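S.K.: fold the following, please.
(4 chains)
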There are 2 protein chains.
Amino acid sequence: MATTDPARPGFALPLLLLAGFRTLIDDLHAELAREGHPELRPLHGFVLQAVGADGTTATELGQRLGISKQAAGKTVDRLVAVGYLERADDPSDARRRLVRVTPRGADGLRRSAEIFDRLRERWADTLGPGRVDAMEDDLRTMASANWFRLDVPGWFGG
Amino acid sequence: MATTDPARPGFALPLLLLAGFRTLIDDLHAELAREGHPELRPLHGFVLQAVGADGTTATELGQRLGISKQAAGKTVDRLVAVGYLERADDPSDARRRLVRVTPRGADGLRRSAEIFDRLRERWADTLGPGRVDAMEDDLRTMASANWFRLDVPGWFGG
DNA sequence: TACGATAGTCAACGTGGTTGACGAAATAGT
DNA sequence: ACTATTTCGTCAACCACGTTGACTATCGTA
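M.R.: Now for the predicted structure:
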(Lines give C-alpha, C1' and ligand atoms only; values in the text may rest on other atoms or scores of the structure.)
Protein backbone atom coordinates (compact mmCIF):
# COMPACT_ATOMS: atom_id res chain seq x y z
CA MET A 1 0.00 0.00 0.00
CA ALA A 2 1.63 3.19 -1.19
CA THR A 3 1.14 6.41 0.70
CA THR A 4 1.35 9.93 -0.65
CA ASP A 5 4.84 11.29 -1.08
CA PRO A 6 4.75 15.10 -0.70
CA ALA A 7 7.26 15.32 -3.53
CA ARG A 8 4.88 13.33 -5.76
CA PRO A 9 1.53 15.11 -5.54
CA GLY A 10 -1.27 13.32 -7.34
CA PHE A 11 -2.27 16.28 -9.44
CA ALA A 12 1.04 16.20 -11.34
CA LEU A 13 0.25 12.93 -13.08
CA PRO A 14 -2.71 14.14 -15.18
CA LEU A 15 -0.85 17.34 -15.97
CA LEU A 16 2.14 15.36 -17.20
CA LEU A 17 -0.01 13.03 -19.26
CA LEU A 18 -1.70 16.02 -20.86
CA ALA A 19 1.64 17.73 -21.43
CA GLY A 20 2.99 14.59 -23.07
CA PHE A 21 -0.03 14.25 -25.32
CA ARG A 22 0.15 17.88 -26.18
CA THR A 23 3.82 17.79 -26.96
CA LEU A 24 3.37 14.89 -29.37
CA ILE A 25 0.39 16.52 -31.07
CA ASP A 26 2.10 19.88 -31.33
CA ASP A 27 5.24 18.28 -32.78
CA LEU A 28 3.12 16.33 -35.22
CA HIS A 29 1.33 19.41 -36.49
CA ALA A 30 4.47 21.49 -36.69
CA GLU A 31 5.94 18.83 -38.98
CA LEU A 32 2.67 18.37 -40.85
CA ALA A 33 2.59 22.10 -41.53
CA ARG A 34 6.13 21.89 -42.94
CA GLU A 35 5.06 19.03 -45.17
CA GLY A 36 2.17 20.91 -46.73
CA HIS A 37 -0.71 20.42 -44.30
CA PRO A 38 -0.91 23.60 -42.25
CA GLU A 39 -4.72 23.59 -42.05
CA LEU A 40 -4.94 20.23 -40.33
CA ARG A 41 -6.07 20.63 -36.69
CA PRO A 42 -5.47 18.07 -33.94
CA LEU A 43 -9.05 16.88 -34.11
CA HIS A 44 -8.96 16.41 -37.86
CA GLY A 45 -6.41 13.64 -37.82
CA PHE A 46 -8.53 11.60 -35.47
CA VAL A 47 -11.60 12.19 -37.60
CA LEU A 48 -9.78 11.16 -40.80
CA GLN A 49 -8.59 8.04 -39.03
CA ALA A 50 -12.14 7.29 -37.93
CA VAL A 51 -13.48 7.71 -41.46
CA GLY A 52 -10.97 5.13 -42.65
CA ALA A 53 -10.06 3.89 -46.09
CA ASP A 54 -13.49 2.45 -46.84
CA GLY A 55 -15.44 5.60 -46.07
CA THR A 56 -18.43 5.82 -43.79
CA THR A 57 -21.51 7.92 -43.07
CA ALA A 58 -22.01 10.79 -40.68
CA THR A 59 -24.17 8.75 -38.34
CA GLU A 60 -21.68 5.91 -38.17
CA LEU A 61 -18.82 8.37 -37.73
CA GLY A 62 -20.67 9.90 -34.80
CA GLN A 63 -20.98 6.49 -33.20
CA ARG A 64 -17.29 5.75 -33.68
CA LEU A 65 -16.30 9.10 -32.22
CA GLY A 66 -18.78 9.07 -29.38
CA ILE A 67 -20.56 12.23 -30.54
CA SER A 68 -23.98 12.94 -32.05
CA LYS A 69 -24.66 12.48 -35.74
CA GLN A 70 -25.28 16.23 -36.01
CA ALA A 71 -21.88 17.06 -34.55
CA ALA A 72 -20.27 14.50 -36.83
CA GLY A 73 -22.04 16.03 -39.81
CA LYS A 74 -20.79 19.50 -38.97
CA THR A 75 -17.25 18.26 -38.52
CA VAL A 76 -17.44 16.54 -41.90
CA ASP A 77 -18.63 19.84 -43.40
CA ARG A 78 -15.50 21.57 -42.16
CA LEU A 79 -13.19 18.81 -43.39
CA VAL A 80 -14.91 18.90 -46.77
CA ALA A 81 -14.41 22.66 -46.89
CA VAL A 82 -10.63 22.28 -46.46
CA GLY A 83 -10.42 19.41 -48.91
CA TYR A 84 -9.70 16.44 -46.68
CA LEU A 85 -13.04 14.69 -47.02
CA GLU A 86 -15.64 14.42 -49.76
CA ARG A 87 -19.25 13.35 -49.86
CA ALA A 88 -20.87 11.07 -52.40
CA ASP A 89 -24.32 9.64 -52.86
CA ASP A 90 -24.85 6.01 -52.00
CA PRO A 91 -26.44 4.41 -55.08
CA SER A 92 -27.93 1.66 -52.96
CA ASP A 93 -29.56 3.94 -50.38
CA ALA A 94 -30.67 7.47 -51.22
CA ARG A 95 -30.80 8.45 -47.56
CA ARG A 96 -27.11 7.83 -46.99
CA ARG A 97 -24.32 10.22 -47.96
CA LEU A 98 -21.00 8.46 -48.09
CA VAL A 99 -18.07 10.28 -46.53
CA ARG A 100 -14.69 9.46 -48.03
CA VAL A 101 -11.13 10.59 -47.49
CA THR A 102 -9.79 12.54 -50.46
CA PRO A 103 -6.30 11.91 -51.86
CA ARG A 104 -5.14 14.98 -49.94
CA GLY A 105 -6.67 13.55 -46.79
CA ALA A 106 -4.98 10.22 -47.39
CA ASP A 107 -1.67 12.01 -47.82
CA GLY A 108 -2.13 13.77 -44.50
CA LEU A 109 -3.04 10.50 -42.84
CA ARG A 110 -0.02 8.68 -44.23
CA ARG A 111 2.34 11.47 -43.21
CA SER A 112 0.80 11.58 -39.74
CA ALA A 113 1.48 7.90 -39.22
CA GLU A 114 5.10 8.33 -40.34
CA ILE A 115 5.65 11.36 -38.15
CA PHE A 116 4.16 9.61 -35.11
CA ASP A 117 6.54 6.71 -35.72
CA ARG A 118 9.48 9.08 -35.87
CA LEU A 119 8.37 10.89 -32.72
CA ARG A 120 8.04 7.61 -30.87
CA GLU A 121 11.55 6.68 -31.96
CA ARG A 122 12.78 9.99 -30.63
CA TRP A 123 11.16 9.31 -27.27
CA ALA A 124 12.60 5.80 -27.22
CA ASP A 125 16.08 7.09 -28.04
CA THR A 126 15.93 9.77 -25.36
CA LEU A 127 14.38 7.71 -22.59
CA GLY A 128 16.21 4.49 -23.19
CA PRO A 129 15.18 0.99 -24.26
CA GLY A 130 11.91 -0.33 -22.95
CA ARG A 131 10.77 2.88 -21.30
CA VAL A 132 8.24 3.89 -23.94
CA ASP A 133 7.03 0.30 -24.19
CA ALA A 134 6.57 0.26 -20.42
CA MET A 135 4.73 3.56 -20.46
CA GLU A 136 2.38 2.29 -23.15
CA ASP A 137 1.80 -0.98 -21.32
CA ASP A 138 1.10 0.79 -18.04
CA LEU A 139 -1.28 3.22 -19.68
CA ARG A 140 -3.06 0.37 -21.41
CA THR A 141 -3.50 -1.24 -18.02
CA MET A 142 -4.93 1.83 -16.34
CA ALA A 143 -6.90 3.35 -19.19
CA SER A 144 -8.16 0.19 -20.83
CA ALA A 145 -11.67 1.35 -21.49
CA ASN A 146 -12.35 4.70 -23.13
CA TRP A 147 -10.08 4.57 -26.12
CA PHE A 148 -11.67 6.05 -29.13
CA ARG A 149 -13.73 8.81 -27.59
CA LEU A 150 -12.81 12.00 -29.34
CA ASP A 151 -15.34 14.46 -27.98
CA VAL A 152 -12.43 16.19 -26.27
CA PRO A 153 -13.41 19.85 -26.61
CA GLY A 154 -16.92 19.34 -25.31
CA TRP A 155 -15.80 16.85 -22.71
CA PHE A 156 -13.14 19.10 -21.28
CA GLY A 157 -15.14 22.27 -21.46
CA GLY A 158 -18.64 21.20 -20.85
CA MET B 1 18.86 3.86 -32.85
CA ALA B 2 15.41 2.42 -32.49
CA THR B 3 13.41 1.43 -35.54
CA THR B 4 9.67 1.14 -35.85
CA ASP B 5 8.18 -2.06 -34.49
CA PRO B 6 4.96 -2.84 -36.41
CA ALA B 7 3.41 -3.95 -33.11
CA ARG B 8 4.22 -0.55 -31.60
CA PRO B 9 2.82 2.04 -34.02
CA GLY B 10 3.67 5.61 -33.10
CA PHE B 11 0.10 6.80 -33.11
CA ALA B 12 -0.77 4.66 -30.08
CA LEU B 13 1.37 6.69 -27.72
CA PRO B 14 -0.58 9.97 -27.90
CA LEU B 15 -3.85 8.05 -27.76
CA LEU B 16 -2.72 6.26 -24.62
CA LEU B 17 -1.53 9.46 -22.99
CA LEU B 18 -4.88 11.06 -23.73
CA ALA B 19 -6.75 8.02 -22.48
CA GLY B 20 -4.73 8.07 -19.27
CA PHE B 21 -5.37 11.76 -18.74
CA ARG B 22 -9.01 11.28 -19.48
CA THR B 23 -9.36 8.34 -17.14
CA LEU B 24 -7.87 10.30 -14.26
CA ILE B 25 -10.01 13.35 -14.92
CA ASP B 26 -13.18 11.29 -15.33
CA ASP B 27 -12.45 9.41 -12.11
CA LEU B 28 -11.78 12.70 -10.35
CA HIS B 29 -15.07 14.21 -11.42
CA ALA B 30 -17.08 11.11 -10.67
CA GLU B 31 -15.75 11.26 -7.12
CA LEU B 32 -16.12 15.05 -6.94
CA ALA B 33 -19.76 14.69 -7.94
CA ARG B 34 -20.28 12.17 -5.14
CA GLU B 35 -18.70 14.58 -2.69
CA GLY B 36 -21.02 17.46 -3.55
CA HIS B 37 -19.43 19.12 -6.59
CA PRO B 38 -21.35 17.83 -9.60
CA GLU B 39 -21.17 21.16 -11.47
CA LEU B 40 -17.39 21.24 -11.58
CA ARG B 41 -16.10 20.65 -15.11
CA PRO B 42 -12.59 19.45 -16.00
CA LEU B 43 -11.54 22.93 -17.01
CA HIS B 44 -12.80 24.50 -13.80
CA GLY B 45 -10.35 22.74 -11.53
CA PHE B 46 -7.44 24.05 -13.56
CA VAL B 47 -8.86 27.54 -13.50
CA LEU B 48 -9.40 27.47 -9.73
CA GLN B 49 -5.84 26.25 -9.32
CA ALA B 50 -4.60 29.07 -11.51
CA VAL B 51 -6.52 31.67 -9.51
CA GLY B 52 -4.81 30.42 -6.37
CA ALA B 53 -5.24 31.29 -2.73
CA ASP B 54 -4.21 34.91 -3.15
CA GLY B 55 -6.64 35.74 -5.93
CA THR B 56 -5.74 37.38 -9.20
CA THR B 57 -7.22 39.41 -12.04
CA ALA B 58 -8.74 38.33 -15.32
CA THR B 59 -5.80 39.62 -17.34
CA GLU B 60 -3.25 37.85 -15.16
CA LEU B 61 -5.33 34.69 -15.20
CA GLY B 62 -5.36 34.80 -18.97
CA GLN B 63 -1.58 35.03 -19.01
CA ARG B 64 -1.22 32.10 -16.61
CA LEU B 65 -3.61 29.97 -18.65
CA GLY B 66 -2.25 30.99 -22.03
CA ILE B 67 -5.54 32.46 -23.22
CA SER B 68 -6.74 36.00 -23.90
CA LYS B 69 -7.96 38.24 -21.10
CA GLN B 70 -11.41 38.23 -22.70
CA ALA B 71 -11.61 34.45 -22.63
CA ALA B 72 -10.37 34.44 -19.04
CA GLY B 73 -13.04 37.00 -18.13
CA LYS B 74 -15.80 34.90 -19.63
CA THR B 75 -14.59 31.79 -17.85
CA VAL B 76 -14.53 33.70 -14.58
CA ASP B 77 -18.13 34.80 -15.26
CA ARG B 78 -19.21 31.17 -15.51
CA LEU B 79 -17.34 30.14 -12.37
CA VAL B 80 -18.87 33.07 -10.52
CA ALA B 81 -22.31 31.97 -11.69
CA VAL B 82 -21.86 28.51 -10.18
CA GLY B 83 -20.38 29.87 -6.95
CA TYR B 84 -16.75 28.87 -7.20
CA LEU B 85 -15.25 32.30 -7.75
CA GLU B 86 -16.18 35.81 -6.68
CA ARG B 87 -15.16 39.26 -7.83
CA ALA B 88 -14.22 42.20 -5.65
CA ASP B 89 -13.04 45.72 -6.29
CA ASP B 90 -9.38 46.50 -5.74
CA PRO B 91 -9.26 49.52 -3.40
CA SER B 92 -5.78 50.39 -4.62
CA ASP B 93 -6.62 50.33 -8.34
CA ALA B 94 -10.11 51.07 -9.61
CA ARG B 95 -9.42 49.44 -12.98
CA ARG B 96 -8.72 46.04 -11.50
CA ARG B 97 -11.37 43.56 -10.43
CA LEU B 98 -9.95 40.98 -8.06
CA VAL B 99 -10.97 37.39 -8.68
CA ARG B 100 -10.99 35.18 -5.60
CA VAL B 101 -11.83 31.56 -4.85
CA THR B 102 -14.94 31.25 -2.68
CA PRO B 103 -15.08 28.84 0.30
CA ARG B 104 -16.99 26.46 -1.93
CA GLY B 105 -14.28 26.75 -4.55
CA ALA B 106 -11.60 26.12 -1.95
CA ASP B 107 -13.48 23.01 -0.82
CA GLY B 108 -13.55 21.70 -4.37
CA LEU B 109 -9.87 22.43 -4.77
CA ARG B 110 -8.93 20.67 -1.54
CA ARG B 111 -11.02 17.62 -2.40
CA SER B 112 -9.53 17.52 -5.90
CA ALA B 113 -6.02 17.37 -4.48
CA GLU B 114 -6.99 14.55 -2.12
CA ILE B 115 -8.72 12.59 -4.84
CA PHE B 116 -5.76 12.96 -7.19
CA ASP B 117 -3.50 11.65 -4.44
CA ARG B 118 -5.76 8.63 -3.95
CA LEU B 119 -5.91 7.99 -7.70
CA ARG B 120 -2.15 8.14 -7.96
CA GLU B 121 -1.88 5.62 -5.11
CA ARG B 122 -4.27 3.36 -6.97
CA TRP B 123 -2.11 3.55 -10.08
CA ALA B 124 1.01 2.88 -8.02
CA ASP B 125 -0.59 -0.12 -6.33
CA THR B 126 -1.77 -1.59 -9.61
CA LEU B 127 1.35 -0.98 -11.66
CA GLY B 128 3.90 -1.77 -9.02
CA PRO B 129 6.57 0.25 -7.21
CA GLY B 130 8.41 2.87 -9.18
CA ARG B 131 6.33 2.61 -12.31
CA VAL B 132 4.30 5.77 -11.80
CA ASP B 133 7.42 7.62 -10.66
CA ALA B 134 9.17 6.46 -13.82
CA MET B 135 6.24 7.51 -15.99
CA GLU B 136 6.22 10.95 -14.42
CA ASP B 137 9.97 11.33 -14.77
CA ASP B 138 9.91 10.26 -18.40
CA LEU B 139 7.06 12.60 -19.20
CA ARG B 140 8.85 15.44 -17.47
CA THR B 141 11.84 14.74 -19.67
CA MET B 142 9.89 14.73 -22.91
CA ALA B 143 7.27 17.38 -22.19
CA SER B 144 9.43 19.79 -20.22
CA ALA B 145 8.12 22.97 -21.76
CA ASN B 146 4.41 23.58 -22.16
CA TRP B 147 3.13 22.80 -18.70
CA PHE B 148 0.48 25.22 -17.68
CA ARG B 149 -1.24 25.86 -20.97
CA LEU B 150 -4.90 25.16 -20.47
CA ASP B 151 -6.43 26.40 -23.69
CA VAL B 152 -7.27 22.78 -24.43
CA PRO B 153 -10.68 23.14 -26.12
CA GLY B 154 -9.54 25.79 -28.55
CA TRP B 155 -6.17 24.17 -29.06
CA PHE B 156 -7.58 20.78 -29.86
CA GLY B 157 -10.49 21.99 -31.91
CA GLY B 158 -9.23 25.08 -33.54
C1' DT C 1 -49.94 -0.13 -48.91
C1' DA C 2 -49.18 1.76 -44.76
C1' DC C 3 -46.10 2.19 -41.04
C1' DG C 4 -41.94 2.23 -38.16
C1' DA C 5 -37.04 2.80 -38.28
C1' DT C 6 -33.07 5.21 -40.15
C1' DA C 7 -30.03 9.05 -42.51
C1' DG C 8 -29.31 13.61 -42.91
C1' DT C 9 -30.27 18.41 -42.08
C1' DC C 10 -31.95 22.75 -39.81
C1' DA C 11 -32.49 25.54 -35.86
C1' DA C 12 -31.48 27.09 -31.31
C1' DC C 13 -28.44 27.02 -27.76
C1' DG C 14 -24.18 26.51 -24.43
C1' DT C 15 -19.20 26.56 -23.68
C1' DG C 16 -14.67 27.95 -24.87
C1' DG C 17 -11.77 30.31 -27.88
C1' DT C 18 -10.34 34.54 -30.98
C1' DT C 19 -9.68 39.66 -32.51
C1' DG C 20 -10.89 44.48 -32.53
C1' DA C 21 -12.63 48.55 -30.32
C1' DC C 22 -13.53 51.30 -26.50
C1' DG C 23 -13.93 53.86 -21.85
C1' DA C 24 -11.99 54.48 -17.43
C1' DA C 25 -8.21 54.70 -14.49
C1' DA C 26 -3.26 54.57 -13.42
C1' DT C 27 1.30 55.99 -14.63
C1' DA C 28 5.04 58.47 -17.12
C1' DG C 29 7.00 62.48 -19.23
C1' DT C 30 7.44 67.23 -20.06
C1' DA D 1 0.01 70.10 -13.32
C1' DC D 2 -1.28 68.57 -17.64
C1' DT D 3 -0.98 65.72 -21.48
C1' DA D 4 0.35 61.06 -23.39
C1' DT D 5 0.70 56.35 -22.95
C1' DT D 6 -0.28 52.07 -20.89
C1' DT D 7 -3.22 48.88 -18.62
C1' DC D 8 -7.76 46.62 -17.08
C1' DG D 9 -12.07 45.26 -18.01
C1' DT D 10 -15.82 44.81 -21.05
C1' DC D 11 -18.68 44.66 -25.36
C1' DA D 12 -19.47 42.90 -29.87
C1' DA D 13 -18.80 39.86 -33.55
C1' DC D 14 -17.16 35.73 -34.97
C1' DC D 15 -15.49 30.62 -35.22
C1' DA D 16 -15.11 25.60 -33.63
C1' DC D 17 -17.27 22.04 -31.27
C1' DG D 18 -20.76 20.04 -28.73
C1' DT D 19 -25.83 19.36 -27.37
C1' DT D 20 -31.21 18.39 -28.05
C1' DG D 21 -35.38 18.63 -30.64
C1' DA D 22 -37.94 18.65 -34.87
C1' DC D 23 -38.47 17.61 -39.55
C1' DT D 24 -38.10 15.38 -44.39
C1' DA D 25 -36.97 11.72 -47.28
C1' DT D 26 -36.15 7.10 -47.87
C1' DC D 27 -35.90 2.17 -46.77
C1' DG D 28 -37.64 -2.13 -45.15
C1' DT D 29 -41.25 -4.77 -43.44
C1' DA D 30 -45.88 -6.38 -41.60
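
S.K.: helices of chain A, residue ranges please.
M.R.: With DSSP state H as the criterion, chain A has helices at A:12-34, A:42-51, A:58-65, A:69-81, A:103-127, A:131-143, A:152-156.

S.K.: out of the ones you listed, which is closest to B:V132?
M.R.: helix A:12-34 (6.8 Å; C-beta to C-beta). In short, each C-beta sits where N, CA and C put it, glycine included.

S.K.: coming back round to it: turn the helices of chain A into JSON lines, including mean pLDDT, mean neighbour count and distance to A:D90.
M.R.: Converted to JSON lines, the helices of chain A look like this (pLDDT from 0 to 100; neighbours: other C-beta atoms under 10 Å in any protein chain shown; distance: least, C-beta to C-beta, whole Å):
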{"stretch": "helix A:12-34", "mean pLDDT": "93", "mean neighbour count": "20", "distance to A:D90": "31"}
{"stretch": "helix A:42-51", "mean pLDDT": "92", "mean neighbour count": "22", "distance to A:D90": "15"}
{"stretch": "helix A:58-65", "mean pLDDT": "95", "mean neighbour count": "19", "distance to A:D90": "12"}
{"stretch": "helix A:69-81", "mean pLDDT": "96", "mean neighbour count": "17", "distance to A:D90": "15"}
{"stretch": "helix A:103-127", "mean pLDDT": "96", "mean neighbour count": "18", "distance to A:D90": "19"}
{"stretch": "helix A:131-143", "mean pLDDT": "95", "mean neighbour count": "18", "distance to A:D90": "36"}
{"stretch": "helix A:152-156", "mean pLDDT": "74", "mean neighbour count": "18", "distance to A:D90": "29"}
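
S.K.: mind putting these into TSV with distance to B:L98?
M.R.: Output for the helices of chain A, formatted as TSV (distance: least, C-beta to C-beta, whole Å):
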stretch	distance to B:L98
helix A:12-34	26
helix A:42-51	35
helix A:58-65	41
helix A:69-81	38
helix A:103-127	43
helix A:131-143	39
helix A:152-156	27
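
S.K.: can you list contacts of stretch A:78-97?
M.R.: Outside stretch A:78-97, the residues that touch it by C-beta atoms under 8 Å, 6 or more residues apart in numbering or on different chains are A:39-40, A:44, A:47-48, A:51, A:55, A:57-58, A:76, A:98-102, A:104-105, A:108.

S.K.: any idea how far the residue minimising distance to the centre of chain A lies from DNA strand D?
M.R.: Closest to where the C-alpha atoms of chain A average out (C-alpha atoms, centre = their mean) is A:F46, at 3.2 Å. Counting by C-beta to the nearest atom of the strand, to the nearest Å, the separation of A:F46 from DNA strand D is 9 Å.

S.K.: what about that residue, distance to A:L28?
M.R.: 11 Å (C-beta to C-beta, to the nearest Å).

S.K.: with A:T141 instead?
M.R.: For A:T141, the distance to A:L28 - C-beta to C-beta - is 25 Å.

S.K.: residue of chain A nearest DNA strand C, please.
M.R.: Here the residue of chain A nearest DNA strand C is A:G157; by C-beta to the nearest atom of the strand that distance is 2.7 Å.

S.K.: show me the contacts for the closest residue to that residue other than its chain neighbours.
M.R.: Sequence neighbours aside, B:P153 is the residue nearest to A:G157 in space, at 4.5 Å (criterion: C-beta to C-beta, 6 or more residues apart in numbering or on different chains). By C-beta under 8 Å, 6+ apart, the contact set of B:P153 is A:152-154, A:156-157, B:43.

S.K.: can you pull the residues of chain A lying near DNA strand D?
M.R.: A:41, A:43-44, A:65-68, A:70-71, A:74-75, A:78, A:93-95, A:150-154 (C-beta under 7 Å from any atom of the strand).

S.K.: repeat that for 6 Å
M.R.: Neighbours of DNA strand D within chain A, by C-beta under 6 Å from any atom of the strand: A:41, A:43, A:67-68, A:70-71, A:75, A:78, A:93-95, A:150-151, A:153-154.

S.K.: quick one on the thing from earlier: is it true that the residue of chain A closest to DNA strand C touches B:L43?
M.R.: Yes: counting by C-beta atoms under 8 Å, A:G157 does reach B:L43; the two are 5.7 Å apart.

S.K.: contact partners for the residue of chain A closest to DNA strand C?
M.R.: B:41-43, B:152-153.

S.K.: also A:F11?
M.R.: A:F11 makes contacts with B:49, B:112-113, B:116, as judged by C-beta under 8 Å, 6+ apart.

S.K.: chain A: which of those is nearest?
M.R.: Checking the contacts of A:F11 against chain A by C-beta to the nearest C-beta gives B:F116 as the nearest, at 3.2 Å.

S.K.: now the closest one. Nearest residue, chain neighbours left out?
M.R.: A:G10 (3.2 Å).

S.K.: quick check: the one you found vs B:G105, distance?
M.R.: With distances taken as C-beta to C-beta, A:G10 is found 19 Å from B:G105.

S.K.: ditto for A:A94
M.R.: Relative to B:G105, and taking C-beta to C-beta, A:A94 is found at 54 Å.
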